[in-house]
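1. how does the following fold in three dimensions:
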Amino acid sequence: MIYGFENGKFYIDFISSSRLHGNMRYESDRRARELAETGSKFMLGFSGGLDSQSVLHSFYQQNIPIETAFLYLPTYNDNEYEQVKIIDKKYGIETHIVDIDPIAIQKEIEDTAELLDISGKNNVLQRKFLSLLPDDYDFIQMVHDPFVCVDPEYNLFYYQGYYLPEISRHRAFQSLGRKGKTIFYGDTPEFLLSILDDDIFKAAFAAARYFDGNGVDVPGKMLKTVDRWDYYIKPIIYGKYWKDELIYFPKYQGFEKVDYLHGNTKFTEHAVLINYWKFLEFLKIPDSKKIRYYENYRPYDKK
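-> Now for the predicted structure:
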């Protein structure tokens, strides 16, 4: 990830693809092989959900060594803990369990969040989790929820920003100064294209009025914006390319049950909105071209 501030304005750089992209399954398998070529030891942040399952599956199916670690918050994410045990049995592995009481470390998390200027405090909890793992491993997380927002006229914009989870978590992890690298698994232009350019993804936004008008409500979730991917799109894409090779556990809340971790009060600050269709065109340009986007305070920029 390449981002920063210039003249007080947040910017983020994107690199176009270096080759034709495949579907999400192809890119996941290829990503595992490319990482294996570095010769590093890998630790996967594992929740038992579809994202982390898919990464584990790509390594396991190609006989690439990887270990897994689970952040256990007793009484808050017990469902995920049970999922992890089921996956462990499936693959014949033993996930490292890191047991943390989020209430006992609330002040530490809040103080660190203020120090690092991270609004989504769950990202600081993830930092605490990582600090308790061996720091000579390259740590992998699948943090790639692609947020495309819809304006009132149903124009589409790719949304990224300083306080969004990907960048907030990257900042949190980098502040630890670990020996091992932090790897966000979906952070390549080809992987991003495998999602944004997928027919299922495009179909979901063609049908956005249907989803937005159906009256479905999940407490604490924003199904018309950031959670559209998690609830409507992601399971269908995984179902298409992985079929029954993954286990499709229902969507549970974990850290969201911890009140002080929930929410992101600065979500719209230092935000970048990019025309979705033009962004796709750019990502498909060969030869790894770079483009810089600056924060845009206007809610929707149709240029």
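2. tell me, how many neighbours does Gly263 end up with?
-> 13 (other Cβ atoms under 10 Å). All C-beta spots, glycine's among them, are computed from the backbone N, C-alpha and C.
3. all further residue positions should be reported with the first residue as 9.
-> Yep, numbering from 9; the last one is Gly271 now.
4. residues contacting it?
-> Gly128 (Cβ atoms under 8 Å, 6 or more residues apart in numbering).
5. in a helix, it, correct?
-> No. Assignment of Gly271 by DSSP: H, G, I helix; E, B strand; the rest coil gives coil, placing it outside any helix.
6. distance of it from Gln91?
-> 25 Å (Cβ to Cβ, to the nearest Å).
7. next one: Asp295
-> 42 Å.
8. neighbour count: the two, which is higher?
-> Set Asp295 next to Gln91 and count neighbours by other Cβ under 10 Å: Gln91 wins out with 22 against 9.
9. does that one touch Gly56 like I think?
-> Yes. Gln91 is within contact range of Gly56, at 3.2 Å (criterion: Cβ atoms under 8 Å).
10. list residues touching both of the two?
-> Phe257.
11. just give me the neighbour total for the nearest residue to Phe13 once chain neighbours are set aside.
-> Nearest residue to Phe13 in three dimensions, chain neighbours excluded: Tyr19, at 7.1 Å (Cβ to Cβ, 6 or more residues apart in numbering). Neighbour count for Tyr19, taken as other Cβ under 10 Å: 17.
12. got it, and Pro160?
-> 7.
13. just Val158 next, same as before
-> Considering only other Cβ under 10 Å, Val158 is surrounded by 19 other residues.
14. list the contacts for it?
-> Val158 touches 164-165, 213, 216, 220, 232-233, counting by Cβ under 8 Å, 6+ apart.
15. so it bridges to which residues?
-> Leu164 (DSSP bridges).
16. could you measure from it over to Thr273?
-> For Val158, the distance to Thr273 - Cβ to Cβ - is 23 Å.
17. do Ser176 as well
-> 12 Å.
18. check for me that Ile148 belongs to a strand.
-> Yes. Counting by three-state DSSP, Ile148 falls inside a strand.
19. just the pLDDT at it, thanks.
-> Ile148 is assigned 98 on the pLDDT scale.
20. please apply the same query to Asp309.
-> pLDDT at Asp309 comes out at 48.
21. what do you get for Gly223?
-> 77.
22. could you pull up the residues touching the closest residue to Glu253 other than its chain neighbours?
-> Excluding its sequence neighbours, the residue lying closest to Glu253 (Cβ to Cβ, 6+ apart) is His65, at 6.2 Å. Going by Cβ under 8 Å, 6+ apart, His65 touches 36, 250, 253-254.
23. can you pull out the helices in the stretch 159-308 of the chain?
-> Secondary structure of the stretch 159-308 of the chain (DSSP state H, counting those that start in this stretch): helices at 173-182, 197-204, 207-214, 216-220, 236, 242-250, 284-291.
24. buried deepest among the ones you listed, which one?
-> Scoring the helices of the stretch 159-308 of the chain by mean neighbour count under mean count of other Cβ atoms under 10 Å gives helix 236 as the most buried, with a mean of 24.
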